[in-house]
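> Coordinates only, no sequence provided:
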């Protein structure tokens, strides 16, 4: 079973996407290459602006992937963290972002949006952003080390938490990411959250917070619709921002 947002991306828009569940399911169709990288809860963005070979590996740790190459499926893995998929139908660019609390507070999504704008000429008002299933504010209690980082980064941090006492609070991680998309200039009508809590739905999602161990992860992905293979293609090249 896969979750898609009909108004976010489709055949007419030129992109295909999905948010995974623990029930599996088929992907968005044939891909020339599937890109999966080591995620480290950081803010490094991997930019793929040249053709990518099937099975090509990318060393290092990355939490956001961006490409303008058709048929290249960008994937992220989550089990409570927030998967974010981005599509610019004007400049034909897609991105996949893994946002845990560390990456979210450090600004992984705003940085990715800035990279898309700088490297590919995208405008915020043209972007479509979909925020996938993650731990909800109903189930995500955090402690002082997390709250202190949040206070340092955001003046309106109180709007994202509900105190539970003794230096602990429930954190709206999905709300933090959504607010960052708005602040970056993405229009409200082009932000599409999936309001499902991974902790609350054990038959549908894996959850580290609920299970206390990694029993599996969900894979989410996005790609530009493939075009006919062109002659003289160059080998994929890695660039970091």
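Yep, that arrived. Quantities reported herein were computed from a predicted structural model and do not represent experimental measurements. Numbering: from 1, shown residues only.

> Name the single longest helix found in the protein.
helix 108-120 (DSSP state H).

> what does that helix contact?
With contacts defined as C-beta atoms under 8 Å, 6 or more residues apart in numbering, helix 108-120 is touched by 42-43, 45, 47, 49, 63-64, 66, 68, 84, 86, 88, 91, 93, 95, 97-99, 122-124, 127, 177, 180-181, 183-184, 186, 241. For every residue, glycine as well, the C-beta is placed using N, CA and C.

> Residue 196 contacts residue 205, doesn't it?
Yes. If you go by C-beta atoms under 8 Å, residue 196 and residue 205 touch, sitting 7.5 Å apart.

> more neighbours, the two?
Using other C-beta atoms under 10 Å, the more surrounded residue of residue 196 and residue 205 is residue 205, with 26 against 17.

> Check the secondary structure at the more buried one for me.
Secondary structure assignment for residue 205 (DSSP: H, G, I helix; E, B strand; the rest coil): coil.

> cool, and the one 4 residues further on?
Assigned by three-state DSSP, the conformation of residue 209 is helix.

> With the one 4 residues further on instead?
Local secondary structure at residue 213 is given as coil here, using three-state DSSP.

> What helix or strand is residue 175 located in?
helix 173-183 (DSSP states H and E).

> contacts for the helix or strand that comes right after that helix?
For helix 173-183, the following helix or strand on the C-terminal side (DSSP H and E) is strand 191-193. With C-beta under 8 Å, 6+ apart as the test, strand 191-193 has contacts from 5, 7, 8, 128, 129, 130, 131, 174, 178, 181, 182.
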